[in-house]
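Enquirer: Predicted model and sequence follow; I will ask about them next.
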Number of protein chains: 2
Amino acid sequence: MDIKIIKTTQPKEKQAAEKLAFGVTFSDHMFVMDYTEGQGWHDPVIMPYGPIQLMPSSMVLHYAQEVFEGLKAYKTPQGEVQLFRPEENFKRMNRSNERMCIPQLDEEFVMNALKTLVKMDQDWIPTSPGTSLYIRPFIFATDPFIGVRVSQTYKFMIIMSPVGSYYKGGLAPCRIYVEDEYARTVRGGTGEAKCGGNYAGGLAAQEKVHVKGYEQILWLDGEKRQYIEEVGTSNVFFLIDGVFVTPSLEGTILSGITRKSVIELLKSWGETVVERRITIDEFYELHQQGKIQEAFATGTAAVISPIGTLGWQDKEMTFNNGEIGEYTQKIYDTLYGVQSGHIKDTLNWIVRV
Amino acid sequence: MDIKIIKTTQPKEKQAAEKLAFGVTFSDHMFVMDYTEGQGWHDPVIMPYGPIQLMPSSMVLHYAQEVFEGLKAYKTPQGEVQLFRPEENFKRMNRSNERMCIPQLDEEFVMNALKTLVKMDQDWIPTSPGTSLYIRPFIFATDPFIGVRVSQTYKFMIIMSPVGSYYKGGLAPCRIYVEDEYARTVRGGTGEAKCGGNYAGGLAAQEKVHVKGYEQILWLDGEKRQYIEEVGTSNVFFLIDGVFVTPSLEGTILSGITRKSVIELLKSWGETVVERRITIDEFYELHQQGKIQEAFATGTAAVISPIGTLGWQDKEMTFNNGEIGEYTQKIYDTLYGVQSGHIKDTLNWIVRV
Ligand SMILES: Cc1ncc(COP(=O)(O)O)c(C=O)c1O
Ligand SMILES: Cc1ncc(COP(=O)(O)O)c(C=O)c1O
């Protein structure tokens, strides 16, 4: 399948690096491809970024059959363009597709499409520290039909947005609240998929913790409200008594690519990493004993977010005196260094465009 | 606020009653209204049914912040146009809005908008037995922004579709399977809201039961996988030893308007209705004892669906010899009779347009 290319005749003006927010402005082009049952994915095109037409009956607007991904492109000091483990995103997207009954993508084909798109819009990749080009592949159901069933048509798109830091203020310890009223998902639900419904469902809890003076939610499992799962749009790690602990993948949390990379990185440093179930009760107990040395969240948007304080019911736990932990900083520096091309990619994570 | 009215200049051709499927064709007009933070709902308009423009970054396409409703308009034998308890739909929509962090609607205003729209397109209401005009109000987030937060802009729309029966074949006993692997929702989740994510999340289970030779899913609670919740897009009732039992509203199932009406109807007949938690184990035991006399599902689309067979793990339970129960038929006849104007509306459910 050849990708049709329609170049913009009206390139947009780029924003100054210091003005970049997250996910507000978009680059000049986007990738679009349609799916029709019996025909498969067809009519791939790169075209000027702009509005799309949908029938009001489009299934995505009613039943949220939709998945997305998020990854970043960086420009190295040498001016090369690189992506961080993009094949992992398309693999995960296909796993999300499976859970949401959306047809599989040809991973090689979309990787090629992504590279072509990034190359075309490479001038949109900002280069100031902490900035990057955020890439958003997504798929949604387009059948003009309002019965509840699997759609027979879909749109796959890639849009790109030059971004500053996701969390305003950059690498600074954040305040997280343990949510034990709202649930994000449950065993047998969609927690493992990167589907829209998980995020809409979490908004009410997000609003609640904001009012309480926290920035993000630490989700507990939906069944027992005991097991620590993940933080907002990130996975979570703790340094406990010299050992790194992160919740194991039990089917209810997103299998983060940053999480995977942090595990590999720590192991390459000779550290011990344990993926296991850990309850909030056990965690609180360990904190009381002074055994929680560092805590941080991992995700594409912020890379690493140090957790300074964890609120739980009427208690507050502070880690490393509310300051960025030594390992947390080192992990951030290394990961971000590799992503942005300032540090050598010894673990083979980088894909050059 | 005045509703601007733009009449179509190209009325579409209507389909023959026997050709009507569910949710495929739409009437000539639709209602659209926008919301902007700080300004509230604005620019209500009735205009020709047709495509809408969305930015690819529109939040609904990524995070599924969206809710919907479903109700029906009928034309009586006297040619009057009537709606079935529409105020209940807008009340529920506002409850869904609250859970999904979507701004509240002015229920009186949207009721008036709905009536105006139905009146304009009243020729689209089919009159053959079992047919009606299905009405779909829905709201979705339109912020052109891909960070995870509550949207600041929304679109509210009402579209309408002349429909035959939802389940092909009309009032006939259906085969339902008890799902104990996938979960629809959990305490603290979005089960009570009529939001897109609940439906996308259920598709995989729906596909699974189709393969097994069943038509719909009976959901169990997400926590213990024991308590009976609801059936696909319907609530569920059982006639057990002379008493009608339906799962109580514990925050995880939709508070169905048909469910509410069936309860009121049965009580008006002097029947006993108990809303309570009931486990699948207890239910199976009761079935073994021959105490389950009838089983049926209730929902706007199909009104009443008799349940002939319930599959659970490797067992199958049959009710009333797999035939439509006496009460089931009587409830259907009465409800549908009132809705379509063939029976007197003694319980004050009907709103004339
Ligand atoms: C719910 C959730 N958990 C975890 C993550 C982290 O995954 P990744 O490291 O692949 O960005 C994300 C964001 O991408 C997420 O949305
Ligand atoms: C999940 C779910 N449960 C129950 C119902 C039945 O509700 P109502 O009787 O209001 O149509 C519906 C459909 O509307 C539904 O989608």
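Expert: The structure has been received and is ready for your questions. Ligands and ions are numbered 1, 2, ... in the order given.

Enquirer: Neighbours of A:Gly38, how many?
Expert: Other residues near A:Gly38 number 5, with proximity taken as other CB atoms under 10 Å in any protein chain shown. The way it works is simple: take the backbone N, C-alpha and C, and place the C-beta from them, glycine included.

Enquirer: how near is the residue in the stretch 101-250 of chain A that chain B sits nearest to to A:Ala64?
Expert: As assessed by CB to the nearest CB, chain B sits closest to A:Gly197 within the stretch 101-250 of chain A, at 2.0 Å. The gap separating A:Gly197 from A:Ala64 is 5 Å, by CB to CB, to the nearest Å.

Enquirer: same thing with A:Ala113?
Expert: In terms of CB to CB, A:Ala113 sits 25 Å off from A:Ala64.

Enquirer: Over to A:Glu282?
Expert: Distance from A:Glu282 to A:Ala64, by CB to CB: 35 Å.

Enquirer: neighbour count winner among these two?
Expert: When A:Glu282 and A:Ala64 are compared for neighbours, A:Ala64 comes out ahead with 32 against 14, by other CB under 10 Å.

Enquirer: The more buried one reaches B:Gly202, doesn't it?
Expert: No. Assessed by CB atoms under 8 Å, A:Ala64 is found out of contact with B:Gly202, at 10.7 Å.

Enquirer: Which residue ranges of the stretch 251-353 of chain A form strands?
Expert: A:273-276, A:292-299, A:303-312, A:315-318, A:350-352 (DSSP state E, counting those that start in this stretch).

Enquirer: Run a quick neighbour tally on the closest residue to A:Asp241 other than its chain neighbours.
Expert: Distance criterion CB to CB, 6 or more residues apart in numbering or on different chains; nearest residue to A:Asp241, sequence neighbours excluded, is A:Lys291 at 4.6 Å. A:Lys291 has 15 neighbours, counted by other CB under 10 Å.

Enquirer: Contacts only, for the closest residue to ligand 1 within the stretch 101-250 of chain A.
Expert: Closest approach between the stretch 101-250 of chain A and ligand 1, counting by CB to the nearest ligand atom: A:Thr233, at 3.5 Å. A:Thr233 makes contacts with A:199, A:299, A:301, B:148, as judged by CB atoms under 8 Å, 6 or more residues apart in numbering or on different chains.

Enquirer: any idea how far A:Pro129 is from A:Ile324?
Expert: 16 Å.

Enquirer: The two: which has the busier surroundings?
Expert: Comparing A:Pro129 with A:Ile324 by other CB under 10 Å, the one with more neighbours is A:Ile324, at 20 against 12.

Enquirer: Let me know the pLDDT of the more buried one.
Expert: The score at A:Ile324 is 95. That number is its pLDDT.

Enquirer: pretty sure it contacts A:Leu171?
Expert: Yes. The criterion here is CB under 8 Å, and A:Ile324 meets it with A:Leu171 at 6.6 Å.

Enquirer: Give me the common contacts of these two.
Expert: Taking CB under 8 Å, 6+ apart as the contact rule, A:Ile324 and A:Leu171 both touch A:Pro306.

Enquirer: any idea which helix or strand comes after the helix or strand containing A:Glu108?
Expert: Using DSSP states H and E, A:Glu108 sits within helix A:107-120. Next helix or strand after helix A:107-120 toward the C-terminus (DSSP H and E): strand A:132-141.

Enquirer: Okay, now the sheet partners of that next one, with direction.
Expert: Strand pairing for strand A:132-141, determined by DSSP bridges: strand A:66-68 (antiparallel), strand A:71-75 (antiparallel), strand A:153-163 (antiparallel).

Enquirer: before we move on, the earlier item: the residue nearest to A:Asp241 reaches A:Leu239, doesn't it?
Expert: No. Using CB under 8 Å, A:Lys291 is not in contact with A:Leu239, being 9.4 Å away.

Enquirer: Contacts only, for A:Thr309.
Expert: A:173-176, A:214, A:316-319, A:322.

Enquirer: Same question for A:Asp43.
Expert: A:Asp43 neighbours (CB under 8 Å, 6+ apart): A:4, A:32-34.

Enquirer: now A:Met120
Expert: Counted by CB under 8 Å, 6+ apart, A:Met120 has contacts A:5, A:7, A:28-29, A:46.

Enquirer: what two of the residues you listed have the greatest distance between them?
Expert: Greatest spatial distance among the contacts of A:Met120 (CB to CB): A:Ile5 and A:Asp28, at 12.1 Å.

Enquirer: more neighbours, those two?
Expert: A:Asp28 (19 against 14).

Enquirer: shouldn't the more buried one be in contact with A:Thr9?
Expert: No. The criterion here is CB under 8 Å, and A:Asp28 misses it with A:Thr9 at 10.2 Å.

Enquirer: got any residues that touch both of these two?
Expert: With CB under 8 Å, 6+ apart, A:Asp28 and A:Thr9 have common neighbours A:Pro48.

Enquirer: hey, C-alpha coordinates of stretch A:31-50 in PDB?
Expert: C-alpha atoms of stretch A:31-50 as PDB (Å, rounded to 0.1, in the frame of the first residue of the first chain):
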ATOM      1  CA  PHE A  31      -1.700  10.500   8.900                       C
ATOM      2  CA  VAL A  32      -5.100   9.100   8.200                       C
ATOM      3  CA  MET A  33      -6.100   5.500   7.100                       C
ATOM      4  CA  ASP A  34      -9.500   3.900   7.000                       C
ATOM      5  CA  TYR A  35     -10.700   0.400   7.700                       C
ATOM      6  CA  THR A  36     -13.700  -1.300   6.100                       C
ATOM      7  CA  GLU A  37     -14.700  -4.800   7.000                       C
ATOM      8  CA  GLY A  38     -14.000  -7.200   4.100                       C
ATOM      9  CA  GLN A  39     -11.500  -4.700   2.700                       C
ATOM     10  CA  GLY A  40      -9.100  -4.200   5.600                       C
ATOM     11  CA  TRP A  41      -7.100  -1.000   6.100                       C
ATOM     12  CA  HIS A  42      -7.100   1.200   3.100                       C
ATOM     13  CA  ASP A  43      -6.400   4.700   1.600                       C
ATOM     14  CA  PRO A  44      -3.500   5.700   3.800                       C
ATOM     15  CA  VAL A  45      -2.700   9.400   3.400                       C
ATOM     16  CA  ILE A  46      -0.600  12.100   4.900                       C
ATOM     17  CA  MET A  47      -2.400  15.400   4.600                       C
ATOM     18  CA  PRO A  48      -2.600  18.900   6.200                       C
ATOM     19  CA  TYR A  49      -3.600  18.800   9.800                       C
ATOM     20  CA  GLY A  50      -7.300  19.800  10.000                       C
END
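
Enquirer: for the record, mean pLDDT for it?
Expert: Mean pLDDT, stretch A:31-50: 98.

Enquirer: Would you mark the buried spots in the helix holding A:Glu108?
Expert: A:110-111, A:113-118, A:120 (16 or more other CB atoms under 10 Å in any protein chain shown).

Enquirer: What of stretch A:229-243?
Expert: A:229-240.

Enquirer: swap in stretch A:322-333?
Expert: Neighbour-count burial for stretch A:322-333 [16+ other CB under 10 Å]: A:324-325, A:327-329, A:331-332.

Enquirer: Am I right that A:Arg95 sits in a strand?
Expert: No. A:Arg95: not assigned to a strand; according to DSSP: H, G, I helix; E, B strand; the rest coil it is helix.

Enquirer: Isn't it up against A:Cys195?
Expert: No. Applying CB under 8 Å as the test, A:Arg95 and A:Cys195 come out as separate, 10.9 Å apart.

Enquirer: For the two, indicate the residue with more neighbours.
Expert: Shown here are A:Arg95 and A:Cys195; by other CB under 10 Å, A:Cys195 has more neighbours (28 against 16).
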